[in-house]
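Asks: output the structure for:
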Amino acid sequence: MPSDAATTPVPVVPPPAPRPPWDGWAEDPPALPAGARTIARALLRGVSHPVPRTAPGPLPASRLSADDLAALTAAAPTTTDDEARRAHLGGKSTVDLLRRRLHADAAAPDAVVRPSGHAQVAAVLRVCDERRIAVVPFGGGTSVVGGVDPGDEVRPVITLDLSRTAALLALDGTSLLATFGAGTTGPQAEELLGARGYTLGHFPQSFAYATLGGFAATRSAGQASRGYGRFDDLVHRLRAATPVGDLDLGRAPGSAAGPDLRRLLLGSEGALGVITEVTVTIRRRAAATAYGAWTFADFAAGSDALRVLTQHGVRPTVIRLSDAAETRVNAALGGHVTRMRGCLAVATFEGETAADAASVLARTDAVLRAHGAQPRGEDPARSWERGRYASPALRDTLLGIGVLADTLETATTWTHLAALKTAVTAALQGALARPVVMCHISHVYPAGASLYFTVVAALSADPIGQWTTAKQAASRAIVAAGGTITHHHAVGRDHRAHLVDEIGTVGVQVLRAVKDALDPHGIMNPGVLLDEAR
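Replies: Got it, this is the predicted structure:
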């Protein structure tokens, strides 16, 4: 059992975390399940444009002068080694991986700098601001929206790798708060907390590599958001270094001391400064977990059931609803295609006791059955939990045989959910040849829900242009239908053009004014969130 006493704030540094390979998600991608091979054959129809992994190509020479490198090295360990630079070419979107496999990357960082904590981060930013060197903060490198690309900067650019800041800096068991270095990965945080009887409860699909600083900088949601909340709901305090000085925000669980400036850093994607420490709300680890699954005749019935469940205040830890296409594909991948029809909902329920978990399951079951759900037992939910992080690695394999696989997400109110799903599906089907477009509700709120789309199609001879065109079509459909351009993947470069549609011209001017105040020379992650026009 965890101690209720506040512990001494002595840093606990975990072993180094694994990193993904430069051109994929997994060093050894999995073999395709039989169901996936069947789907791939149907998509390809005997014609394929595979994009296999290849040996890395040469990188351009670093543009940093000897004097620049000396100044950076004095601030924090710095390298211009090609292997290190290659590992920081950008994120892990499908387009990112295609560029690397096709040797079409536009740029590479001129150096990789690895500070060990806030003081070194601040020192690096002072050097870069004085010398007008652009800075790309880098956590786990899992962005799928161009959030950590070195870009095509005319000026030199460094990647600021925060992995050496990983640490449990303080743990307050009385207040249930833990402070971490921003470079702490999800698994590192859970291991450090789990050894002391606690959990953070934030499990996005990028969990294996993504960092707490990245979760904050992108306003990550996590698959258990219904039970634990979005990451921005969990943040108590943030510490950040900016080119003009430090920010240390959040001293009480509630405050009326002006606007909440933490909200400026949450979702700022490194464009305003570098988040170096995050204090988060933690919980005691659940003693029991229950599982449930149900099918609905159609997506509309399932959506309505989830709406009523959420508005009645019933809180499963995880709840998701797949449409018919995703239900069929997931059933095929699991080898039980003939046993699953309709739209599948899966849920998990954590509790301090088995009775607590069973109670929430029973309440959920009653509401869903009242809306026409057919119970399917525990197995589908347990199967989902076992494979919840598998898709990115499967994509590595699919690209190698000529199959495009990517995702996008949005959210809207319950009133507009069906229209938004229809619009985005139609946009993707119109932009791609014979795609399989799947969708699920991934996060629920009393007022609405998130829609998460997965798209699978045969790669064309121009795969980068193929997906870029499709993604742009989907983004236009999202905006036209009144959805958010991103529910949890962030803005990055990919969604930047649509930010004004979401927050308006005045909103963009406000963000620009904040950036000008904190980053007057525009060195922080240029081109992300805001364009570089000044």
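
Asks: buried sites along stretch 499-511?
Replies: 499, 501-502, 508, 511 (16 or more other CB atoms under 10 Å). Every C-beta, even on glycine, is put in place using the N, C-alpha and C of the backbone.

Asks: which pair in these spans the largest distance?
Replies: The most widely separated members of the buried residues of stretch 499-511, counting by CB to CB, are D501 and L511 (14.1 Å).

Asks: against which helices or strands is the lowest-mean-pLDDT helix or strand in the chain packed?
Replies: Counting by mean pLDDT, DSSP states H and E, the chain has its least confident helix or strand at helix 34-44, which shows a mean of 87. Using 3 or more CB pairs under 8 Å, 6 or more residues apart in numbering; DSSP states H and E, the elements in contact with helix 34-44 are helix 324-333, helix 391-401, strand 403-413, strand 448-458.

Asks: now with 7 Å?
Replies: helix 324-333, strand 448-458 (3 or more CB pairs under 7 Å, 6 or more residues apart in numbering; DSSP states H and E).

Asks: comparing these, which gets the lowest mean pLDDT score?
Replies: Among those, helix 324-333 carries the lowest mean pLDDT, a mean of 90.

Asks: partners of whatever helix or strand comes next after that one, with directions?
Replies: Next along the chain after helix 324-333, taking DSSP states H and E as the criterion, comes strand 343-351. Strand pairing for strand 343-351, determined by DSSP bridges: strand 288-296 (antiparallel), strand 318-322 (antiparallel).

Asks: residue contacts, V13?
Replies: 166-167 (CB atoms under 7 Å, 6 or more residues apart in numbering).

Asks: try A470
Replies: Counted by CB under 7 Å, 6+ apart, A470 has contacts 428, 431-432.

Asks: between those residues, which is nearest T54?
Replies: Using CB to CB, the contacts of A470 come closest to T54 at L432, 25.0 Å.

Asks: ok, back up a step: tell me the most buried of the helices and strands packed on helix 34-44?
Replies: strand 448-458 (a mean of 23; mean count of other CB atoms under 10 Å).

Asks: coming back round to it: looking at the helices and strands packed on helix 34-44, spot the one closest to T289.
Replies: Closest among the helices and strands packed on helix 34-44, using CB to CB: helix 324-333, at 20.7 Å.

Asks: and that closest one, C-alpha only, in CSV?
Replies: Extracted C-alpha coordinates of helix 324-333, given in CSV (Å, rounded to 0.1, in the frame of the first residue of the first chain):
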residue,chain,number,x,y,z
ALA,A,324,-19.4,-1.5,-38.4
ALA,A,325,-16.4,-1.3,-40.7
GLU,A,326,-13.9,-1.2,-37.8
THR,A,327,-15.8,-4.0,-36.0
ARG,A,328,-15.6,-6.2,-39.1
VAL,A,329,-11.9,-5.5,-39.6
ASN,A,330,-11.0,-6.0,-36.0
ALA,A,331,-12.9,-9.2,-35.9
ALA,A,332,-11.1,-10.4,-39.0
LEU,A,333,-7.7,-9.5,-37.5
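
Asks: chain center to it, what's the gap?
Replies: Relative to the mean C-alpha coordinate of its chain, helix 324-333 is positioned 23 Å out (CA atoms, centre = their mean, to the nearest Å).

Asks: ok so, going back, just the buried positions in the least confident helix or strand of the chain, please.
Replies: 35-36, 39-40, 43-44.

Asks: ok, now stretch 473-484?
Replies: Buried residues in stretch 473-484 (16+ other CB under 10 Å): 473-479, 481, 483-484.

Asks: try stretch 121-131
Replies: Those would be 121-129, 131, for stretch 121-131 by 16+ other CB under 10 Å.

Asks: which residues are in contact with that stretch?
Replies: 68, 71-72, 75-76, 113, 115, 135, 158, 160, 241-243, 246, 274, 276, 521, 523.

Asks: can you list which of these are found in strands?
Replies: Among those, the subset assigned to strands under DSSP state E consists of 113, 135, 158, 160, 241-242, 246, 274, 276.

Asks: could you dump those to TSV with distance to G90 and neighbour count?
Replies: Shown next, in TSV, are those (distance: CB to CB, whole Å; neighbours: other CB atoms under 10 Å):
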residue	distance to G90	neighbour count
V113	17	27
V135	15	26
I158	14	29
L160	14	29
A241	23	25
T242	23	20
D246	28	15
V274	18	29
T276	22	26
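
Asks: contact partners of the top helix by length along the chain?
Replies: With residue count as the measure and DSSP state H as the assignment, the chain has helix 499-518 as its longest helix. Helix 499-518 has contacts (CB under 7 Å, 6+ apart) with 242-244, 264, 271-273, 479, 484-485, 491, 530.

Asks: among those residues, which pair sits farthest apart?
Replies: Farthest pair in those, by CB to CB: V244 and V479, 33.9 Å.

Asks: now, the contacts of A470 that are in strands?
Replies: Per DSSP E, the subset of the contacts of A470 in strands is empty.

Asks: so which of the residues you listed would you say is closest to L404?
Replies: L432 (7.8 Å).

Asks: how many neighbours does A362 have?
Replies: 12 (other CB atoms under 10 Å).

Asks: report whether it is found in a helix, as I expect.
Replies: Yes - the assignment for A362 is a helix, going by DSSP: H, G, I helix; E, B strand; the rest coil.

Asks: pLDDT at the residue nearest to A457 when sequence neighbours are not counted, what is it?
Replies: On the basis of CB to CB, 6 or more residues apart in numbering, the spatially nearest residue to A457 that is not a chain neighbour turns out to be P435, at 3.9 Å. pLDDT recorded at P435 is 96.

Asks: thought P435 was touching A426?
Replies: No - counting by CB atoms under 7 Å, P435 stays clear of A426, with 11.4 Å between them.

Asks: tell me which of the two has more neighbours.
Replies: Applying other CB under 10 Å to P435 and A426 shows that P435 carries more neighbours, namely 18 against 14.

Asks: any low-confidence regions in the stretch 51-200 of the chain?
Replies: Filtered on pLDDT under 70, the stretch 51-200 of the chain yields the residue ranges 106, 152.

Asks: typo on my end, the stretch 301-450 of the chain
Replies: Looking at the stretch 301-450 of the chain by pLDDT under 70, you get 335-339.

Asks: quick one: mean pLDDT for the longest helix of the chain?
Replies: 97.
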